[in-house]
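Undergrad: Give me coordinates for this.
(one chain, ligands or ions: 1)
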Amino acid sequence: MFTRRQALMGVAAAAALAAMPPLTAAANEADIAALPREKVSLVAPPFVHDHEQVAAGGPKVMEFTMTIKELPVVIDDEGTTLQAMTYDGSIPGPLMVVHEGDYVELTLINPDTNSLPHNIDFHASTGALGGGELTLVNPGEQVVLRFKATRTGTFVYHCAPGGPMIPWHVVSGMSGAIMILPRDGLKNEMGEPITYDKVYYVGENDFYIPRDENGHFINYDSAGEGYGDMVEVMRGLTPTHVVFNGAKGALTGENALKAKVGETVLIVHSQANRDTRPHLIGGHGDHVWEAGKFANPPSKDLETWFIRGGSAGAATYTFLQPGIYAYVNHNLIEAVELGATAHFVVEGDWDDDLMKQVAAPGPIQTN
Ligand SMILES: [Cu+2]
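TA: Residues are numbered from 1 along each chain as shown. The predicted structure is shown next:
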């Protein structure tokens, strides 16, 4: 049984670390040291850093740096504030993109202005709790983890500092995704190459904000202060908010996603904690990797796709009509009442062949 303070300090992860067997040396350090290195500057979602879709050369060591930031985030239009925990200041954390066979080398920084230990569990990696055992950093520390990208697809990463800290850090914002592309790029169901013109990363989060006796959401001064109350709400398994990119309305209005008729957009959608079901109203998923793993052929022409909690999926769509498309979690209560709605604003020419209002609304005609 942990005390509250021990729980906050991630004792479970520390114990797991102490119990680890000694590491055996990898044989190919010299080979890895001889690989080209590329430093990647991450960008905040829904945008994604520049990357090649087809790798131009052989494997590289891809260097990333992420700074963990504990900070207040306003999550709805009523000013409800979550004392969030984030990778690089955004919810979700940035999408990382590499190719199969590359090495991901992450410097994870936990500044001394933070109050809690954190780490990172990459679902894309192999061993040591996805790297979680090797990356637990206290405030004022940094760590460098390297893992080999052996499997292609979109994969969640999240904080997992042990015990009750795991779900609390995840529902406080600490998740993101990595996309590991095949070296020769994405393929359709026939094995033929497909490319995208744009890529957007939509991270979906369920939040559990405690209410006061009048039913109003409580704003706490720090994450730790709200911990006990939030756990009670979490145990009810009923989120108060289900949002894309950290807040209700984060991807609508001025922040709507943009595309043009004829453009193919790749949408990466992650949910680190809970199932979801993306749906593009007025469009489709042309090629959908529901489970997000590119070794499997994509499904075609989906209306709605299913993202398992703890995974990231990917879908392409070539826009054929202009207008505003809502991209939602098609539990429509979650989309409309709880916040899981984004908008695509698409420019271009309307195609009457695909759809036409043959007669505008008017009086009911009688013969
Ligand atoms: Cu954390």
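Undergrad: Let me see the ranges of the strands in the stretch 201-350 of the chain.
TA: With DSSP state E, counting those that start in this stretch, the ranges of strands along the stretch 201-350 of the chain come out as 241-244, 257-260, 264-271, 278-280, 285-289, 299-302, 311-318, 323-329, 341-347.
Undergrad: Got the confidence number for Met9?
TA: As predicted, Met9 sits at a pLDDT of 53.
Undergrad: and this structure, which residues reach the ion?
TA: Met85, His118, Cys159, His169, Met174 (C-beta under 5 Å from the ion). Backbone N, C-alpha and C define where each C-beta goes, glycine included.
Undergrad: could you flag which of these are buried?
TA: Met85, His118, Cys159, His169, Met174 (16 or more other C-beta atoms under 10 Å).
Undergrad: Now the nearest residue to the last one once chain neighbours are set aside: phi and psi?
TA: Excluding the flanking residues, the one nearest Met174 by C-beta to C-beta, 6 or more residues apart in numbering is Cys159, at 3.6 Å. Main-chain torsions, Cys159, degrees, to the nearest 10: phi -80, psi 140.
Undergrad: I'd guessed Cys159 sits against Ser175; true?
TA: Yes. Counting by C-beta atoms under 8 Å, Cys159 does reach Ser175; the two are 7.4 Å apart.
Undergrad: Please enumerate the shared neighbours of those two.
TA: Tyr87 (C-beta atoms under 8 Å, 6 or more residues apart in numbering).
Undergrad: The stretch 51-200 of the chain: helices as residue ranges?
TA: 165-171 (DSSP state H, counting those that start in this stretch).
Undergrad: Tell me where the model's unsure across it.
TA: Within the stretch 51-200 of the chain, not a single segment meets pLDDT under 70.
Undergrad: Send me the lengthiest strand in the chain as CSV with only the CA atoms.
TA: Secondary structure of the chain per DSSP state E: the longest strand is strand 61-74. Output of strand 61-74 as CSV, limited to C-alpha atoms (Å, rounded to 0.1, in the frame of the first residue of the first chain):
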residue,chain,number,x,y,z
VAL,A,61,19.8,7.5,-35.7
MET,A,62,16.9,9.9,-35.4
GLU,A,63,17.5,12.3,-32.5
PHE,A,64,14.5,13.8,-30.7
THR,A,65,14.3,16.0,-27.6
MET,A,66,11.1,16.3,-25.5
THR,A,67,10.7,18.5,-22.4
ILE,A,68,8.0,17.4,-20.0
LYS,A,69,5.9,20.4,-18.9
GLU,A,70,3.4,20.5,-16.1
LEU,A,71,1.1,23.4,-16.8
PRO,A,72,-2.5,24.5,-16.6
VAL,A,73,-4.5,24.0,-19.8
VAL,A,74,-8.0,25.4,-20.4
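Undergrad: neighbours around the closest residue to Val97 other than its chain neighbours, how many?
TA: Leaving aside its chain neighbours, Val97 sits nearest to His51 (4.2 Å; criterion: C-beta to C-beta, 6+ apart). Close neighbours of His51, defined as other C-beta atoms under 10 Å, add up to 17.
Undergrad: residues contacting His51?
TA: Val97, Val98, Leu181.
Undergrad: So which of those belong to strands?
TA: Val97, Val98, Leu181.
Undergrad: Closest one of those residues to Val268?
TA: Using C-beta to C-beta, Val97 comes nearest to Val268 of the ones in strands among the contacts of His51, at 9.3 Å.
Undergrad: which strand residues sit across from that closest one in the sheet?
TA: Here Val97 shows beta-bridge partners Met179, assigned using DSSP bridges.
Undergrad: mind checking how far it is from the ion?
TA: Distance of Val97 to the ion, given as C-beta to the ion, to the nearest Å: 23 Å.
Undergrad: Confirm for me that that residue is in contact with Ile178.
TA: Yes. At 7.4 Å, Val97 and Ile178 qualify as touching, with contact defined as C-beta under 8 Å.
Undergrad: burial of the closest residue to the ion within the stretch 201-350 of the chain, as a residue count?
TA: Nearest to the ion, among the residues of the stretch 201-350 of the chain, is Ala223, at 9.4 Å (C-beta to the ion). Residues within reach of Ala223, counting by other C-beta under 10 Å, total 23.
Undergrad: residues in contact with it?
TA: Glu70, Gln83, Ala84, Met85, Ser115, Leu116, Ser172.
Undergrad: Apart from its chain neighbours, what residue comes closest to the last one?
TA: If I follow you right, that is Ser172. Met85 is the one closest to Ser172 (C-beta to C-beta, 6+ apart), at 4.4 Å.
Undergrad: which residues does the one you found bridge with?
TA: Going by DSSP bridges, Met85 forms beta bridges with Glu70.
Undergrad: how close does it sit to Cys159?
TA: Look at Met85 and Cys159: by C-beta to C-beta, to the nearest Å, they are 7 Å apart.
Undergrad: hmm, back to that, okay, the residue of the stretch 201-350 of the chain closest to the ion: pLDDT?
TA: 95.
Undergrad: What's the separation between it and Val231?
TA: Taken as C-beta to C-beta, the span from Ala223 to Val231 is 12 Å.
Undergrad: Gly173 against Gly246, yeah?
TA: Yes. Between Gly173 and Gly246 a contact is recorded at 6.7 Å, counting by C-beta under 8 Å.
Undergrad: Now do the shared contacts for the two.
TA: Residues touching both Gly173 and Gly246 by C-beta under 8 Å, 6+ apart: Val73, Ala84, Ile91, Pro92, Asn205.
Undergrad: what's around the third one, how many residues?
TA: Counted by other C-beta under 10 Å, the residues lying close to Ile91 total 27.
Undergrad: Next up, the contacts around the residue in the stretch 1-150 of the chain positioned nearest to the ion.
TA: Here the residue of the stretch 1-150 of the chain nearest the ion is His118; by C-beta to the ion that distance is 3.3 Å. By C-beta under 8 Å, 6+ apart, the contact list for His118 reads Ile68, Met85, Leu108, Asn110, Leu136, Val137, Cys159, Pro161, His169, Met174.
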